[in-house]
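Enquirer: Output the structure for:
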Amino acid sequence: MRGNLRRVFREGLLVLAGTDTGVTGILLGVSSQMELALMVDAGLSPAEALQTATIHPAGMLRRERDLGTVEAGKLADLLLLDADPLTDIRNVRKIFRVVRGGTVYDPARLLSDMPK
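Expert: I've put the predicted structure just below:
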């Protein structure tokens, strides 16, 4: 599958990140982080893997005018990281803050507020 992903991507076919949900064992967020790492393991660069979760889906939805990249005038929910994902894609796990709807959240607080 890794070789196929690499070939498909290199041939210019649109690749989108999107771990299936509603499947036993798939954890939202964590599975998406793992998917990006697997894409890099398959031969995509960290930047290319990040594009499969940002600009590519926005384009697929024909929403690139307001989604997919961080630019003035666009809508954005953000993860602020403690380390550069372009250096190591696994740095997407090092979340410093979450910005959703203009509100900044501490991820440790979000996790502690979850029902147990």
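Enquirer: Tell me where this structure has helices.
Expert: Counting by DSSP state H, the chain has helices at residues 2-10, 30-41, 46-51, 55-60, 107-112.
Enquirer: which non-adjacent residue is nearest the residue most central in space within the chain?
Expert: Centroid-nearest residue in the chain: Ala53, 4.4 Å away (criterion: Cα atoms, centre = their mean). Excluding its sequence neighbours, the residue lying closest to Ala53 (Cβ to Cβ, 6 or more residues apart in numbering) is Ala17, at 3.9 Å. Just so you know, the C-beta spots here come from the backbone N, C-alpha and C atoms, and that holds for glycine as well.
Enquirer: Determine which stretch of the helices of the chain is the most buried.
Expert: Highest mean neighbour count of the helices of the chain: helix 46-51, a mean of 19 (counted as mean count of other Cβ atoms under 10 Å).
Enquirer: and it, how far out from the chain's middle?
Expert: On the basis of Cα atoms, centre = their mean, to the nearest Å, helix 46-51 sits 8 Å off its chain's mean C-alpha point.
Enquirer: residue contacts, the nearest residue to Arg100 once chain neighbours are set aside?
Expert: In space, and not counting its chain neighbours, Arg100 is closest to Asp77: 4.6 Å by Cβ to Cβ, 6+ apart. Residues in contact with Asp77 (Cβ atoms under 8 Å, 6 or more residues apart in numbering) are 98-101.
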